[in-house]
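In: Mind looking at a prediction? Sequence and model below.
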Amino acid sequence: METKSNEIEFVKNQVTSTFYLVSMNTEGITHEESMVFPNNEANSMNWILGHLIYIRNAFLNILGEESVWEAEKFSCYNRGAVALERKDEFIHFEELKTYMKKSQDRLEAKLNTLDGFAAEKTKDISTLCLHEIYHSGQLGYLRRILGKPGAIK
């Protein structure tokens, strides 16, 4: 007997898979390594992970759940922020990982309570899933740029 809609199961799979990719690609990366900006231009791992969490808060809010952090305090991770200019505001990479885990726990818990999405939220939810896939792939490339072996075999 199916209790959840296919769209809920689809999104649960997306956020679980993305969390796995992010976790694998950030494993063994030091805070110092997370602060490297390739060519002094491309975003660092620290910014990308913080940005994922920042946007995950919007994802949580769309689902009616609380953010894992205060947006104003962490605005250096918002879309459009010039990461290199705001790197002094970044938090320790290990702390970012705990926020990512907290966001994952909240997303999974919330998705487990839903039977479906409001039609007007479907496009936003789909775009947020794509956003996570896009940036999790960037973390994989940055891992290689930092001289680490690929995490996804």
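Out: Cool, the structure landed.

In: hey, let's count contacts and neighbours off CA atoms from now on
Out: OK.

In: Quick one: distance of stretch 66-79 to the chain centre.
Out: Here stretch 66-79 is found 12 Å from its chain centre; the criterion is Cα atoms, centre = their mean, to the nearest Å.

In: Correction: the previous question concerned stretch 24-38.
Out: Worked out by Cα atoms, centre = their mean, stretch 24-38 lies 15 Å from the chain centre.

In: Identify each buried residue in it, please.
Out: Buried residues in stretch 24-38, counted by 16 or more other Cα atoms under 10 Å: 24-26, 29, 31, 33-37.

In: Tell me which residues of the longest helix belonging to the chain come out buried.
Out: For the chain, the helix that runs over the most residues, judged by DSSP state H, is helix 122-145. For helix 122-145, burial by neighbour count (16+ other Cα under 10 Å) applies to 125, 128-129, 132-133, 135-136, 138-140, 142-143.

In: If you count contacts, what does it end up packed against?
Out: Contacts defined by 3 or more Cα pairs under 8 Å, 6 or more residues apart in numbering; DSSP states H and E place helix 122-145 against helix 6-26, helix 45-62.

In: give me every residue that touches residue 144.
Out: residue 150 (Cα atoms under 8 Å, 6 or more residues apart in numbering).

In: Determine the number of other residues adjacent to residue 92.
Out: 14 (other Cα atoms under 10 Å).

In: just the one 10 residues further on next, same as before
Out: Taking other Cα under 10 Å as the neighbour definition, residue 102 ends up with a count of 16.
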